[in-house]
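*Asks:* predicted model, plus sequence, below.
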Amino acid sequence: MSVKKELIVYPDERILIPSTDVRKFDETLFEVIGMMKEVLKENDAQGLAAIQTGYPYNVVLVKTESGEILELINPRILKSEGKSEAKEKTLYYPDIEITVPRYEKIRLVYEDRYGKQHHMEASGELARVIQRKIDYTFGGTFLAKVSKQMREAVEKALAQKGLVPEVELCPTTSKRVYFLSVADKILFFMFLTLFAKLLNLSEDTLGSLYTFDKIGVIVVVVLMLGYFLFGRWEARKYSSCTSCQIGNMLGSMAKRLFAAAVIGTAAYFIYN
């Protein structure tokens, strides 16, 4: 068998093929491992799974801090402890870096190139790299480890713009809601002023309340304009933002502008 040197990168879907456990520890295996080491060194990578080179073998190479390359054949994680999050990169998505949750410490069993079984423990960055490479042996990338929002953001960026250095996600809460919050409070107090005449207040006080209502209508209009402009800025900044869609914003604006118009009109007839 002639072993071909290759590195699979997005959008090659061969990366999704689950790897098969190695049963023959022969020259073909040695050649594949040798080729993988070349690819690993040429790309200055921390680790490599055989499927990343087009061979669906359950083989993982990992570089230690000392520069030694561990050959993990048929690796299985037996025990895991703790959790942490850190940014990760992978050769399959050359320009993507995202935060991925991983176990802090793992214990695994694996075989060497001669079929002898070994156990080892790993923690920190070494444990993280091993986990990432084992993901590939199951036919998955690190996108399977992140939230649906993060995954969709990366996929959208890849589909629309090609590979990008980083994807900014739409925040779960937007600062533009402050515009709505202030507008709602103003509308609430404007509504209360409609009942002021029932309290037998002085003409001066009623006049001040009517002035408040007139100013309130203007302020609500200005707030809704600010809300719309800020929302459009967010929609351009965050490629994955769905809540920033113009339809959602126009609906929120329309309700408050309608309420301001109704309350302002009612105040006009009540005070005049």
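*Replies:* Arrived safely.
*Asks:* when you work out contacts or count neighbours from here on, use the C-alpha atoms and nothing else.
*Replies:* Noted.
*Asks:* which residues of the stretch 51-200 of the chain score low on pLDDT?
*Replies:* Within the stretch 51-200 of the chain, the stretches with pLDDT under 70 are 160-174.
*Asks:* so what's Ala260 up against?
*Replies:* Leu187, Gly216, Val217, Val220 (C-alpha atoms under 8 Å, 6 or more residues apart in numbering).
*Asks:* pull the number of nearby residues for the last one.
*Replies:* What it means is Val220. Residues within reach of Val220, counting by other C-alpha atoms under 10 Å, total 25.
*Asks:* ok, it - contacts?
*Replies:* By C-alpha under 8 Å, 6+ apart, Val220 lies in contact with Ala183, Ile186, Leu187, Arg256, Leu257, Ala260.
*Asks:* need the residues you listed in JSON lines (columns: distance to Ile98).
*Replies:* As requested, those are exported to JSON lines (distance: C-alpha to C-alpha, whole Å):
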{"residue": "Ala183", "distance to Ile98": "37"}
{"residue": "Ile186", "distance to Ile98": "41"}
{"residue": "Leu187", "distance to Ile98": "42"}
{"residue": "Arg256", "distance to Ile98": "38"}
{"residue": "Leu257", "distance to Ile98": "40"}
{"residue": "Ala260", "distance to Ile98": "44"}
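*Asks:* tell me the contacts of Thr141?
*Replies:* Going by C-alpha under 8 Å, 6+ apart, Thr141 touches Leu16, Arg132, Asp135.
*Asks:* what about it, distance to Leu91?
*Replies:* 11 Å (C-alpha to C-alpha, to the nearest Å).
*Asks:* kindly report the same for Ile270.
*Replies:* Counting by C-alpha to C-alpha, the gap from Ile270 to Leu91 is 70 Å.
*Asks:* with neighbour numbers in mind, choose between the two.
*Replies:* Shown here are Ile270 and Leu91; by other C-alpha under 10 Å, Leu91 has more neighbours (19 against 13).
*Asks:* how about the nearest residue to the more buried one, chain neighbours excluded?
*Replies:* Val9 (6.7 Å; C-alpha to C-alpha, 6 or more residues apart in numbering).
*Asks:* for Thr90, give me its contacts.
*Replies:* Ile96, Glu97 are the contacts of Thr90 under C-alpha under 8 Å, 6+ apart.
*Asks:* who is it paired with across the strands?
*Replies:* With DSSP bridges applied, the residues forming beta bridges to Thr90 are Tyr93.
*Asks:* neighbours around Asp204, how many?
*Replies:* Neighbours of Asp204 (other C-alpha under 10 Å): 9.
*Asks:* what about the closest residue to Gly207 other than its chain neighbours, how many neighbours?
*Replies:* Distances taken as C-alpha to C-alpha, 6+ apart put Tyr271 closest to Gly207, at 7.8 Å, once the chain neighbours are dropped. Tyr271 has 14 neighbours, counted by other C-alpha under 10 Å.
*Asks:* who are the contact partners of the residue nearest to Ala49 when sequence neighbours are not counted?
*Replies:* In space, and not counting its chain neighbours, Ala49 is closest to Val60: 4.5 Å by C-alpha to C-alpha, 6+ apart. Contact partners of Val60, counting by C-alpha under 8 Å, 6+ apart, are Gly47, Leu48, Ala49, Ala50, Glu71, Leu72, Ile73, Pro75, Ile130, Lys133, Ile134.
*Asks:* all good on my end, thank you.
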